[in-house]
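Peer 1: any chance you can model this:
(one chain, ligands or ions: 2)
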Amino acid sequence: MFMRIAPDVPDLGHAPLPLAPYTCDDFFRGERDNLFGKVWLNIARGCELPNPGDFVVRPVEIRNASVIVARGQDGVIRAFHNVCSHRSAKVEWRACGNTRLFSCPYHAWSYDTQGRLRGVPGEENFVGLDKATNGLTPIACETWNDLVFINFEREPRQTLREYLGPLADYADNYPLQDFDAWVHVDVGVMNTNWKIFLDAFQEVYHLNYLHRQTLTDTFKWRENPDGEPAWFQTFGPHRTLSLGYNPSQGGAPMASIAQRYASDITSTGGSALVNARESLDGRRTGINPAGIDNWALDVTTIFPNVVWLVGSDSAIFHKIWPIDKEHTRYENYSFYRKPKTPSERFAREYSFGLFRDTIVEDILNTEFCQQAMKAGAKTEFHLQATEVSVRHHHHHIRRYVSGEALA
Ligand code: FES
Ligand SMILES: [Fe+2]
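Peer 2: Ligands and ions are numbered 1, 2, ... in the order given. Alright, predicted model coming up:
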């Protein structure tokens, strides 16, 4: 096997795994209560809320929640349930904006950006209403490296830093803040279990086959003829897979030109890679942990539902939100440096196009997998050694669903 595995990765065995977690109602309820109800979830980025009064409203369907994330007038980012204290109407209907007050459309109770109840029309007619204890219900909210996380436990058992553990130590200095441009796409609802879609970002076994039209021979070369990942390491429930690229890749003529000026999902790019190495010098953490010469990118999973494609001059976040056991909302954030020349702009547009085409292949395929599983023909699935990331993901989901991780 070409792939190397960090020595401290626990042995997770080689046995087939049960298919039931993809299709079973009880397992989904376990994920809702013991996983998505207990761990830190990335909900936004600080750069989306640069000014006091800035807010975003985000659904977390598996928790039946609408979440307001707001930067208060005091500069602190907080999260709240988007539910009115009067009679539980949905308070804020805009997806984002800047405000001093959130005003409920039903009877116009209003709350400031720190969640405090400020205005109650006809207040004198309420008997014993304590405004001080009837603000918006807070949700635990903490930030790491400009990524804003929430936790639905009223008193989370771990701080965000503790939850991220060695992943935070490793990627603390990843220069996310250097990327001055971003695209946020709420791609939509897919007819698939969230894990089926996420699994597709955990292994590269399928790249040579499902993506043979889009990714061609990008990830295989003479010493790595099967296109395996180069490196795998874990950080508790989180993990990183490093991919190398084919150093002698001819590729399509367009691809070769584009990759000279910017990274795409197959490569850190030619001059872009050199520039990134220079700019990251001295604080180069959070990328390429094994120091691979022909490093393309890292696939870092922030457990449970964020897959972060870590490049030297771009960072792509796949955010995969379960709705029910067979529906999933897929949200994508791409961060990069603003193109400075027409060539860089062309390369960036090329990158988006390639990315879109590849993702469409994944979406269609995973929806067909979900459909096929429902026939009940199979009760288990198989993983080869280079698919160890999928095994690691399922291992930690089981630990939460069973309660073992919460003990
Ligand atoms: S439900 Fe919000 S003001 Fe009445
Ligand atoms: Fe894929």
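
Peer 1: contacts only, for Leu160.
Peer 2: Listed by C-beta atoms under 8 Å, 6 or more residues apart in numbering, the contact set of Leu160 reads Trp40, Glu142, Thr143, Trp144, Phe149, Asn151. Just so you know, the C-beta spots here come from the backbone N, C-alpha and C atoms, and that holds for glycine as well.

Peer 1: domain parsing for this protein?
Peer 2: 4-33+167-406, 41-157 (automatic domain parsing).

Peer 1: what separates the shortest one from the chain centre, distance-wise?
Peer 2: Using C-alpha atoms, centre = their mean, to the nearest Å, we find the averaged C-alpha position of domain 41-157 to lie 22 Å away from the chain's own average C-alpha position.

Peer 1: ligand 1 contacts on the chain?
Peer 2: Neighbours of ligand 1 within the chain, by C-beta under 6 Å from any ligand atom: Cys84, His86, Arg87, Ala89, Cys104, Tyr106, His107, Ala108, Trp109.

Peer 1: so what's the last one up against?
Peer 2: With contacts defined as C-beta under 8 Å, 6+ apart, the neighbours of Trp109 are Cys84, Ser85, His86, Val91, Ser103, Leu117, Gly119, Val120, Pro121.

Peer 1: likewise the first one?
Peer 2: With contact taken as C-beta under 8 Å, 6+ apart, Cys84 is in contact with Lys90, Val91, Cys104, Tyr106, Trp109.

Peer 1: nearest residue to the residue nearest the centre of the chain in space, please, no chain neighbours.
Peer 2: Taking C-alpha atoms, centre = their mean, the centroid of the chain lies closest to Val306, which sits 2.2 Å from it. Ranked by C-beta to C-beta, 6 or more residues apart in numbering and with sequence neighbours excluded, the top spatial neighbour of Val306 is Asn42, at 5.0 Å.

Peer 1: using CSV, list the CA coordinates for stretch 11-26.
Peer 2: Included here for stretch 11-26 are C-alpha records, laid out as CSV according to Å, rounded to 0.1, in the frame of the first residue of the first chain:
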residue,chain,number,x,y,z
ASP,A,11,-6.4,0.1,14.9
LEU,A,12,-10.0,0.1,13.8
GLY,A,13,-10.0,-3.4,12.3
HIS,A,14,-11.0,-4.6,8.9
ALA,A,15,-14.5,-6.1,9.4
PRO,A,16,-17.5,-5.2,7.2
LEU,A,17,-19.7,-2.5,8.8
PRO,A,18,-23.5,-2.6,9.1
LEU,A,19,-25.6,-0.6,6.6
ALA,A,20,-28.3,0.0,9.2
PRO,A,21,-26.9,3.4,10.3
TYR,A,22,-27.8,4.7,6.9
THR,A,23,-31.4,3.6,6.9
CYS,A,24,-32.5,3.0,10.5
ASP,A,25,-34.9,5.4,12.3
ASP,A,26,-33.5,4.6,15.7
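
Peer 1: now do that stretch, average pLDDT.
Peer 2: Stretch 11-26 comes out with an average pLDDT of 97.

Peer 1: in ChimeraX, select just the buried ones from the contacts of Leu160.
Peer 2: Buried members of these, defined by 16 or more other C-beta atoms under 10 Å, are picked up in ChimeraX with:
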select :40,142,144,149,151
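
Peer 1: can you count the residues close to the residue in the stretch 251-400 of the chain that ligand 2 sits nearest to?
Peer 2: Nearest to ligand 2 in the stretch 251-400 of the chain, going by C-beta to the ion, is Asp362, at a distance of 4.1 Å. As a burial measure, Asp362 scores 20 neighbours (other C-beta atoms under 10 Å).

Peer 1: next one: phi and psi at Cys369?
Peer 2: Backbone geometry at Cys369, expressed as degrees, to the nearest 10, gives phi -60, psi -50.

Peer 1: what residues does it make contact with?
Peer 2: Taking C-beta under 8 Å, 6+ apart as the test, what Cys369 contacts is Thr192, Ile196.

Peer 1: and what of Leu129?
Peer 2: When contacts are counted by C-beta under 8 Å, 6+ apart, Leu129 touches Val120, Glu123.

Peer 1: kindly indicate which of the contacts of Trp109 lies nearest Pro175.
Peer 2: Val91 (36.3 Å; C-beta to C-beta).

Peer 1: how close does the residue nearest to Val185 when sequence neighbours are not counted sit to Ile150?
Peer 2: Leaving aside its chain neighbours, Val185 sits nearest to Asn332 (4.8 Å; criterion: C-beta to C-beta, 6+ apart). Between Asn332 and Ile150 the distance is 19 Å, computed by C-beta to C-beta, to the nearest Å.

Peer 1: which SSE is immediately downstream of the strand or helix carrying the residue of the stretch 251-400 of the chain closest to ligand 2?
Peer 2: Using DSSP states H and E, Asp362 sits in helix 342-373. Sequence order places strand 380-381 as the next helix or strand after helix 342-373, per DSSP H and E.
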